[in-house]
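Asker: this one's sequence-less:
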């Protein structure tokens with residue numbers, strides 16, 4: 001491992017990109033990677049090697065099997081695309097349609113503005129959903145919109161699953 005701050009940034013970038021490629025589950029690695037990033041950030045010139053080794057072993061439990069839906073230019077885009085329509089689809093638990101609608105929204109909106117809207121919806125749902133969407137926002141800011149936007153699909157999956165998981169701990 002390269003211990004320079006630039007080297008550590010590259011490692012963390014790769015971890016966030018890896019997380020965006022892992023299908024969403026309740027135990028998605030995004031939270032753990034963020035917590036580790038915070039601990040590493042305390043002293044990036046001398047990152048805790050044990051933490052980096054543990055994190056490397058931890059992420060081996062996950063498989064990068066999520067394929068970001070293709071934003072299809074051939075499919076008929078609705079005349080009006082709104083955040084409220086996306087929120088409605090999420091609220092009624094229509095994950096597939098929410099993912100499709102996100103594709104339409106991403107043709108005209110930035111990933112940062114979309115995740116900010118999802119954070120507002122998450123704040124109404126639960127602390128767990130809010131934190132997950134917040135971590136997605138911070139990840140997108142860290143790695144950039146081009147690499148980070150797949151996390152938006154995970155936010156939607158989290159928000160849809162949060163509506164159905166009534167035993168979720170807040």
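Answerer: Okay, I see it. All values reported here derive from a predicted model rather than from experimental measurement.
Asker: Test my guess that residue 81 contacts residue 114.
Answerer: No - checked against Cβ atoms under 8 Å, the pair residue 81 and residue 114 is beyond contact range at 10.9 Å. Every C-beta, even on glycine, is put in place using the N, C-alpha and C of the backbone.
Asker: can you list residues touching both of the two?
Answerer: Taking Cβ atoms under 8 Å, 6 or more residues apart in numbering as the contact definition, residue 81 and residue 114 share the neighbouring residues residue 105.
Asker: Neighbour count: the two, which is higher?
Answerer: For residue 81 and residue 114, the more surrounded residue by other Cβ atoms under 10 Å is residue 114, and the numbers stand at 23 against 15.
Asker: hang on, the more buried one packs against residue 108?
Answerer: No - with contact defined as Cβ under 8 Å, residue 114 does not count as touching residue 108 (10.2 Å).
Asker: Can you report phi and psi for residue 110?
Answerer: phi -80, psi 150 (degrees, to the nearest 10).
Asker: Quick check: it touching residue 145?
Answerer: Yes - the criterion here is Cβ under 8 Å, and residue 110 meets it with residue 145 at 6.3 Å.
Asker: And the helices in this protein?
Answerer: Taking DSSP state H to define them, one finds helices in the chain at 5-20, 30-41, 49-59, 83-91, 95-106, 111-125, 127-143, 145-148, 150-164.
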